[in-house]
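Asker: Here is my input, please return the structure:
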Amino acid sequence: MKLVKIDSDLYLNTDFIEAIEVDGEGSTDITMKNGEVFSPNVPIKKVLDAISGSEEHLVFDPKDIYLKSSQKKK
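Answerer: Residues are numbered from 1 along each chain as shown. Next up, the predicted model:
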């Protein structure tokens, strides 16, 4: 399971995404496997970046993982 932040109030599990389509300029349709469709006012590039793991969309700071692993080595 991989939750991604699509918008300020929309998080989706990528395991359940069926299709992603452009729905006009600055809007995207996200179809889930159960048939539910989300249409956030977010450009498709931002949605695809979120799904592919762009750091901009991470819910946590990747530096935290590095800092925790560095502290264990001491």
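
Asker: Could I get the pLDDT score of Q71?
Answerer: Q71 is assigned 51 on the pLDDT scale.

Asker: can you check E55 too?
Answerer: 58.

Asker: which residues of this structure score low on pLDDT?
Answerer: Residues of the chain that meet the criterion pLDDT under 70 lie in 54-74.

Asker: what about the strands in it?
Answerer: 3-7, 10-13, 17-22, 28-32, 37-38 (DSSP state E).

Asker: looking at the ones you listed, which is closest to S52?
Answerer: strand 3-7 (9.0 Å; C-beta to C-beta). Every residue, glycine included, has its C-beta placed from N, CA and C.

Asker: Run through who's touching that closest one.
Answerer: Strand 3-7 has contacts (C-beta atoms under 8 Å, 6 or more residues apart in numbering) with 11-14, 30, 38, 40-42, 46-47, 50-51, 57-59.

Asker: A PyMOL selection for those, restricted to the buried ones, would help me check which they are.
Answerer: The buried subset of those, as determined by 16 or more other C-beta atoms under 10 Å, is captured in PyMOL by this line:
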select buried, resi 12+30+38+40+42+46+47+50+51
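
Asker: Distance check, S39 against V22.
Answerer: Computed with C-beta to C-beta, to the nearest Å, the distance linking S39 and V22 is 11 Å.
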